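In: Next come a sequence and a model predicted from it.
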Amino acid sequence: MNTRHEQEKKQFKQLFQEEGVDAFEKRFKILDCFLKTEKHVTCREIMDQLKIDGMPMDDDFVEETMALLCRFGFAHMVQFEDGPRRYEHRHLGMHHDHMVCVKCGDILEFKDEVLEKKQAHVAAAYGFHMLQHRMEIYGICSKCLKTRELMMPLCRARQGETCIIKSLGGGRRAQMRLASMGLRYGDTVEVVSSQGGGQMVVATGESRFAICHGLAEKILVQHAPREMDADASLPQGRCAGPGRLPGRKIALSHMKQGQEGVIVRVGGEGTLRRRLLEMGINRGTHIYVEKYAPLKDPLEIIVKGYHVSLRVEEADNIMVEDVKTVKHP
């Protein structure tokens, strides 16, 4: 027996009878059906369950009852993007937020005390009295990520997703078009908007580009997980300084011209890894990105005083941390 739900049923009886709400017994059955659910349900799903339980009810009556449950604080109506209206349990004194998978539609509830306190702190810093708030994070759940291809055409990336360009296909005209837009191998792009089979808008840095579906099919990308804020792990009152990313590990291929870092891992297999090690690219060594070729491949680095040229796909195997922008002789 769920003690909280039993308490809510008692409060339901008291409130609805005091307010003289009609058809009390039928509405109580709807409440009981709703409390048995452990997910965000639509009115249609509640009606289907009532029918299965041998208690079919009119659509309008169920919708009216759910509205009353919201009014008296037993339920909370939520609507994610342009999806249907859904209802969740509203337990007094308990707040949570949501993560919504844009692929399978799963809704994950989460609560983070640190985040709650941070939001209250931000509101207070602006002299704002917060009454209520709601956070919704849209993305791809771990289950869907496991079944996702490692590389995919850009046209299949979701709105809001950040990707790394791994291959630029197509004929000469397509290559020239992409080059004129400034899109190159290894660039990180964000999908600003996507119209399905139509045009999509992507951004790299502070530049936006409109790309037709056909051209986006020729660009192979890889999902780029969002990094946590580099300053989040610093003690309060300290800052990293301009261009510095302490503790954050990134691939050498993601470093910018004029940045220096410390090698923390050298990957690759067989001949490739042996070649990198022989070039002096070892763990704990400082490495500096001197420049990139016009099409961003290869890149020129300085390691142990030597100038070395690496292909971007080779640089993908080298992880670097404590990245900072420096003036190198």
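Out: Now that the structure is in, tell me what you want to look at.
In: Domains in this protein, by residue range?
Out: Structurally, the chain divides into domains by automatic domain parsing as follows: 3-89, 97-139, 151-223, 250-325.
In: Out of those domains, which is closest to residue 145?
Out: For those, the distance to residue 145 is smallest for domain 151-223, at 7.7 Å, taking Cβ to Cβ. Where you see a C-beta, it was placed from the backbone N, CA and C, and this is true even at glycine.
In: Tell me where this structure is predicted with low confidence.
Out: Per-residue confidence of the chain (counting by pLDDT under 70) places the weak regions at 1-4, 91-94, 148-150, 196-197, 225-247, 327-329.
In: so where do the helices sit in the stretch 151-300 of the chain?
Out: 172-181, 213-217, 270-278 (DSSP state H, counting those that start in this stretch).
In: CSV for the domains of the chain, including mean neighbour count and distance to residue 145?
Out: Listed next are the domains of the chain as CSV, based on neighbours: other Cβ atoms under 10 Å; distance: least, Cβ to Cβ, whole Å:
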stretch, mean neighbour count, distance to residue 145
domain 3-89, 15, 19
domain 97-139, 12, 9
domain 151-223, 16, 8
domain 250-325, 16, 19
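In: and residue 15, how far is that from residue 318?
Out: 64 Å (Cβ to Cβ, to the nearest Å).
In: Could you do residue 257 as well?
Out: To residue 318, residue 257 is 16 Å away according to Cβ to Cβ.
In: And for residue 31?
Out: Taken as Cβ to Cβ, the span from residue 31 to residue 318 is 60 Å.
In: can you map out the strands along the stretch 201-329 of the chain?
Out: 207-211, 219-223, 250-251, 259-266, 286-292, 299-303, 306-310, 318-325 (DSSP state E, counting those that start in this stretch).
In: could I get those strands as CSV with distance to residue 44?
Out: Shown next, in CSV, are these (distance: least, Cβ to Cβ, whole Å):
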stretch, distance to residue 44
strand 207-211, 38
strand 219-223, 34
strand 250-251, 47
strand 259-266, 51
strand 286-292, 55
strand 299-303, 56
strand 306-310, 57
strand 318-325, 49
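In: Once you drop chain neighbours, what's closest to residue 69?
Out: Distance criterion Cβ to Cβ, 6 or more residues apart in numbering; nearest residue to residue 69, sequence neighbours excluded, is residue 75 at 3.9 Å.
In: and that neighbour, what are its bridge partners?
Out: In this structure, residue 75 bridges to residue 89 when assessed by DSSP bridges.
In: surely it meets residue 66?
Out: Yes - contact criterion Cβ atoms under 8 Å: residue 75 and residue 66 qualify, at 6.2 Å.
In: who touches both of these two?
Out: Common neighbours of residue 75 and residue 66, using Cβ atoms under 8 Å, 6 or more residues apart in numbering, are 34, 87.
In: where does the nearest residue to residue 49 once chain neighbours are set aside land in three-state SS?
Out: Leaving aside its sequence neighbours, residue 49 sits nearest to residue 33 (Cβ to Cβ, 6+ apart; 5.5 Å). Put simply, residue 33 is helix when judged by DSSP: H, G, I helix; E, B strand; the rest coil.
In: Go ahead and confirm residue 33 touches residue 53.
Out: Yes - if you go by Cβ under 8 Å, residue 33 and residue 53 touch, sitting 6.8 Å apart.
In: Test my guess that residue 62 contacts residue 47.
Out: Yes - contact criterion Cβ under 8 Å: residue 62 and residue 47 qualify, at 5.3 Å.
In: Show me the longest helix that occurs in the chain.
Out: Assignment by DSSP state H gives helix 3-18 as the longest helix of the chain.
In: Can you list the helices and strands that that helix packs against?
Out: helix 24-36 (3 or more Cβ pairs under 8 Å, 6 or more residues apart in numbering; DSSP states H and E).
In: residues making contact with the helix it packs on?
Out: With Cβ under 8 Å, 6+ apart, helix 24-36 has contacts from 2, 5, 8-9, 12-13, 16-17, 21, 41, 46, 49-50, 53, 55, 57, 61-62, 65-66, 68-69, 74-75, 87, 89.
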